[in-house]
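Visitor: model the structure of this input:
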Amino acid sequence: MAVSFCSALNFVRRSKKSPFKESPGFLSGSPFHFSEGINHNQYNNTSPVFLPERGRIFHPANSRQVPARADGRSRNGTGSITLFLVIIIFAFVLLTASVAAEVIPNTSGQTEKTAPEQVRIGIYVVDINRVDVGAGTVGADFYLHLKSDEPISINDIELMNGMITSTSIVEDKPREKEYRIIAVLTTEPDLSRYPFDRHTLPIKFEPKTKNEREMILVTDPAEIGLDSEADLPGWALTGSGSYVTNNSYLKNEIPYSRAVFTYGVVRDVASTILKFFLPIMLIVIVSLSSLMMKVSSRLGLKASMFLAAVLIHWRVADAIPLVAYATFLDLFMIITYATLVMVLVSGILILKFTGDGNITRVEQVNHWSIRIIPVVSVVFYFLLFLTLA
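Guide: Here you go, the predicted model:
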């Protein structure tokens, strides 16, 4: 723009110059010159001569110039000024347009540059196995499908809740990939209903280095599924789901897009009842039945039942990690211990009153024990199982 403005000024300067080439006349050394091609002999008299290149009338007699007609000079001066103003205005308009073009951002280019890459992701689970509630791990075998408008691979994302132990490529295209993956997933089980617990097993993927302004993950329903032959011994699969969220690791950090695929599992009820509740319930039934016995030897039986219940509880509770809340198993065993203790206390009282020869007291203890202990035990068990509904 500066070059254009200088060129305009040079044009104005050239326009002010006379179109005639000047050369020294017969008055050399004088401040006046005559254009070439003028016959100087005809001016050797004292008659006034019009000098077109100067716009003046020359009087040789007094060696001075008389201005020409004012109207001719006015027209030439006005035309030069008008041309100069037009060039100045034109240069100003060009300069203003150039500055405006630099100030106004290119929104289309900027939008294209800042638009995040969109990656469609889907998981098809073939099998889920090796559920370890104590360690909080589970094995999974699944297909991972990735599709994007840009080149994409498994190196651009990472598994956030586990470790991939095996990867094989099934489909390899620049903008579409499919992998067969075997991984060990980590989860935080909810054991409040144990041993009737149910869990949601997640599979979480995030971009490895790009935040959500650079890459976003979108679940692909066409590539999400759970194989009908997927089997988990001791557990039953209850369904699957998926959603997209984001996660930040530092304060005021741009979050990362996260795709989460969930699979519900519930412990098999039949195996739970046979392995745990059946032995415990047999112990409780035998202990309550001992209330019908009026002999002092039943005290040894009640003590044996109490110890057996403790051993079973210890064996089952050892399979889960220590948690900061009471599980269903803990509450169930509290009711069981309370029942066995009441039966044991009634046996001790009967043994004491029998040794004292107080038959009336023996009958009273035996009477109320049979009517109170079983009812209280059944009511509390019933209320506890209502919490599972």
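Visitor: for the helix or strand hosting residue 342, name the packing helices and strands.
Guide: Remark: residue 342 resides in helix 328-356, with elements defined by DSSP states H and E. When contacts are defined as 3 or more C-beta pairs under 8 Å, 6 or more residues apart in numbering; DSSP states H and E, helix 328-356 sits against helix 278-289, helix 298-317, helix 359-386. Backbone N, C-alpha and C define where each C-beta goes, glycine included.
Visitor: so which bits of that helix are buried?
Guide: For helix 328-356, burial by neighbour count (16 or more other C-beta atoms under 10 Å) applies to 328-329, 332-333, 335-336, 339-340, 342-344, 346-347, 349-351, 353-354.
Visitor: check stretch 146-161 too.
Guide: So, applying 16+ other C-beta under 10 Å, buried residues of stretch 146-161: 146-148, 152, 154, 156-157, 159-161.
Visitor: endpoint to endpoint, that stretch covers what distance?
Guide: Stretch 146-161 has an end-to-end distance of 19 Å (criterion: C-alpha to C-alpha, to the nearest Å).
Visitor: show me what it is in contact with.
Guide: 117-121, 144, 167, 174-179, 183, 185-187, 202-208, 210, 215, 217, 220, 258 (C-beta atoms under 8 Å, 6 or more residues apart in numbering).
Visitor: can I assume residue 167 is in contact with residue 181?
Guide: Yes: counting by C-beta atoms under 8 Å, residue 167 does reach residue 181; the two are 5.5 Å apart.
Visitor: of the two, which one has the most company?
Guide: A direct count of neighbours by other C-beta atoms under 10 Å for residue 167 and residue 181 places residue 181 higher, at 19 against 12.
Visitor: in which helix or strand would I find the more buried one?
Guide: Going by DSSP H and E, residue 181 is in strand 176-186.
Visitor: hang on, the earlier thing: what subset of the contacts of stretch 146-161 is buried?
Guide: By neighbour count, with 16+ other C-beta under 10 Å, the contacts of stretch 146-161 hold 117, 119-121, 144, 177-179, 183, 185-187, 202-207, 210, 215, 217, 220, 258 as buried.
Visitor: list the contacts for the closest residue to residue 359 other than its chain neighbours?
Guide: Of all residues not flanking residue 359 in the chain, residue 353 sits nearest, at 7.7 Å (C-beta to C-beta, 6 or more residues apart in numbering). Contact analysis of residue 353 by C-beta under 8 Å, 6+ apart lists 359, 361-362, 365.
Visitor: which strand in the protein runs the most residues?
Guide: Using DSSP state E to define each element, the chain has its longest strand at strand 117-132.
Visitor: who does the helix or strand just after it pair up with?
Guide: Later in the chain than strand 117-132, the nearest helix or strand by DSSP H and E is strand 137-148. Partners of strand 137-148 in the sheet, by DSSP bridges, are strand 117-132 (antiparallel), strand 176-186 (antiparallel).
Visitor: as PDB, could you dump the C-alpha coordinates of the shortest one?
Guide: Same thing as strand 176-186. The C-alpha coordinates for strand 176-186 follow below in PDB (Å, rounded to 0.1, in the frame of the first residue of the first chain):
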ATOM      1  CA  GLU A 176     -11.400 -47.100  10.100                       C
ATOM      2  CA  LYS A 177      -9.900 -49.700  12.400                       C
ATOM      3  CA  GLU A 178     -11.100 -52.800  14.200                       C
ATOM      4  CA  TYR A 179      -9.200 -54.700  16.900                       C
ATOM      5  CA  ARG A 180      -9.600 -57.900  18.800                       C
ATOM      6  CA  ILE A 181      -8.600 -57.000  22.400                       C
ATOM      7  CA  ILE A 182      -8.100 -59.100  25.600                       C
ATOM      8  CA  ALA A 183      -7.800 -57.000  28.700                       C
ATOM      9  CA  VAL A 184      -7.900 -57.100  32.500                       C
ATOM     10  CA  LEU A 185     -10.400 -54.400  33.700                       C
ATOM     11  CA  THR A 186     -10.500 -52.800  37.100                       C
END
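Visitor: next one: residue 5, what pLDDT does it get?
Guide: On pLDDT, residue 5 comes in at 43.
Visitor: using the record's domain definitions, break this protein down for me.
Guide: 2-104, 116-266, 271-386 (automatic domain parsing).
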